[in-house]
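S.K.: what's the 3D shape of this:
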Amino acid sequence: MAETITIIDDRTGKQVTVPITGSTFPSSALRQLDPKLRMYDPAFLSTAACKSAITYLDGDAGILRYRGYPIEQLAEKSTFLEVAYLLLNGELPNAAQLETWTYDVTHHTMIHENMRKRFVDGFHHDAHPMGMFISATAALGTFYTDAKEIEAGDSLYKQTLRLIAKSPTIAAMCYRFSMGLPFVSPNNSMDYSANFLNMMFRIGDDYRTNPVLAKAMDLLFILHADHEQNCGTTTMRVVGSSHADPYSAAAAAAAALYGPLHGGANEAVVRMLQDIGSIDNVPAFIADVKAGKGRLMGFGHRVYKNYDPRATIIKKAAYEVFEVTGKNPLLDIALKLEEVALKDEYFVSRKLYPNVDFYSGLIYQALGFPVEMFTVLFAIPRMTGWLAHYSELLRDNDQKISRPMQWYTGVDSRDYVAINKR
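M.R.: This next block holds a predicted model:
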């Protein structure tokens, strides 16, 4: 028996029955009842604006899958570039495909000298790295005459390849500029994550990237590669729906990520832990949160009403990183905070569990990243997810240029009044 939903307009008695497919029903049902009828849905809490086969997320059950593969399996067994191939192509690569893909990415990491010598020098010395990253991503498209040729598969692949390959280079360039350090060119003998750390932190010829830290960086890239229709991804799709080039769309998505309610959460966690200062202060902090005098950052999620599966993976990785770097002094505060909160009915009843941001900032700090770089570190892997959605959008015949309706609440018609009579 087919699942359906019947909607009745109590004003007229008219009703319409439409099918339910995958827990969704077509909004055309409202137009059938009344062409002027609109559903008011701030922040799109109940609206599916697209169909997607990329990422499955069940927040109530704490499930996250890329193309059907559980995030836990990919985190344990895969590499970021393999996951990137999966997100973009729908299937895991075979050995030959992975070798070609890895080679292509590795040999497209360089950026134009004019970007390094002229564009970056135009920023103020204390410019925020994320602001620089957004600007550089948009500017990157101006270096390629075929950037707007998105209808051709070969051309779109080249733009996708360039953005994924060059994002770490741009990120490292922004960091080195902000620190007053000379740029470090990509090293084709290193893998994706080790090369990024090398471009970030190399000082002199004796620098060696620790494989444990490079693996942790790769893991964090995997966990942040995509997360369904979040603010940044939706921005990528909305801008992409106008057929803007992927560089411009990605810059817009990165700008959305820049907002503290989106990509800045792990930075907020670190600052919160610093403000708490000591394990002894945790009970008082929890009491303040319950009294409405503070906010528990890194707990709860717009989608997850269960333990964020990425948080479990990152918590384990944190210990492996700290064995190399030494324990982050904030870890004990974080562990105590988690322990107390998960035993408190106030937080449990509200389904406030640790999310991916709760421990990721601690790892970033241990790796040597300043808090200003945290959102940039988010943008590097999420570039792959954005591009996967951009490509999917272009192939979806149901998609048109985004043009949501509004509920007008302004003044009704009135006549102009001359300025001397106002």
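S.K.: tell me the helices in the stretch 51-200 of the chain, going along the chain?
M.R.: For the stretch 51-200 of the chain, the helices defined by DSSP state H, counting those that start in this stretch occupy 71-77, 80-89, 95-106, 113-114, 129-140, 153-179, 192-201.
S.K.: For the nearest residue to Arg162 once chain neighbours are set aside, what are phi and psi?
M.R.: Leaving aside its sequence neighbours, Arg162 sits nearest to His108 (CB to CB, 6 or more residues apart in numbering; 5.7 Å). Placement of C-beta: from N, CA and C, glycine included. With angles defined as degrees, to the nearest 10, His108 sits at phi -130, psi 20.
S.K.: for whichever helix or strand Phe221 is part of, which positions count as buried?
M.R.: Phe221 belongs to helix 211-223 when elements are defined using DSSP states H and E. Buried residues in helix 211-223, defined by neighbour count with 16 or more other CB atoms under 10 Å: Leu213, Ala214, Lys215, Ala216, Met217, Asp218, Leu219, Leu220, Phe221, Ile222, Leu223.
S.K.: pLDDT on the helix or strand just after it, on average?
M.R.: As assigned by DSSP H and E, the chain's next helix or strand after helix 211-223 is helix 231-240. What helix 231-240 shows for mean pLDDT is 97.
S.K.: can I have helix 231-240 written out in PDB, keeping just the CAs?
M.R.: The C-alpha trace of helix 231-240 is given here as PDB (Å, rounded to 0.1, in the frame of the first residue of the first chain):
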ATOM      1  CA  CYS A 231      24.600  26.200   6.000                       C
ATOM      2  CA  GLY A 232      27.800  26.200   4.000                       C
ATOM      3  CA  THR A 233      26.700  23.300   1.700                       C
ATOM      4  CA  THR A 234      23.300  25.000   1.100                       C
ATOM      5  CA  THR A 235      25.100  28.200   0.200                       C
ATOM      6  CA  MET A 236      27.200  26.200  -2.300                       C
ATOM      7  CA  ARG A 237      24.100  24.900  -3.900                       C
ATOM      8  CA  VAL A 238      22.200  28.200  -3.900                       C
ATOM      9  CA  VAL A 239      25.100  30.000  -5.500                       C
ATOM     10  CA  GLY A 240      25.800  27.100  -7.800                       C
END
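S.K.: chain center to that helix: distance?
M.R.: Remark: helix 231-240 is offset 11 Å from the chain centroid, using CA atoms, centre = their mean, to the nearest Å.
S.K.: Which residues outside the least confident helix or strand in the chain by mean pLDDT are in contact with it?
M.R.: Within the chain, no helix or strand scores below helix 113-114, which has a mean of 84 by mean pLDDT, DSSP states H and E. Residues from elsewhere that reach helix 113-114 (CB atoms under 8 Å, 6 or more residues apart in numbering): Phe143.
S.K.: one step back: please work out the angle formed by the directions of the helix holding Phe221 and helix 153-179.
M.R.: 130 degrees (axes from the mean of the first three to the mean of the last three CA atoms, to 10 degrees).
S.K.: name the helices or strands packed onto helix 211-223?
M.R.: Judged by 3 or more CB pairs under 8 Å, 6 or more residues apart in numbering; DSSP states H and E, the packing partners of helix 211-223 are helix 71-77, helix 80-89, helix 192-201, helix 309-325, helix 357-367, helix 374-395.
S.K.: Any idea which of the helices of the stretch 51-200 of the chain gets closest to Gly385?
M.R.: For Gly385, the closest of the helices of the stretch 51-200 of the chain is helix 80-89, at 6.1 Å, according to CB to CB.
S.K.: ok, and for that closest one, which residues are buried?
M.R.: Buried residues in helix 80-89, counting neighbours by 16+ other CB under 10 Å, are found at Phe80, Leu81, Glu82, Val83, Ala84, Tyr85, Leu86, Leu87, Leu88.
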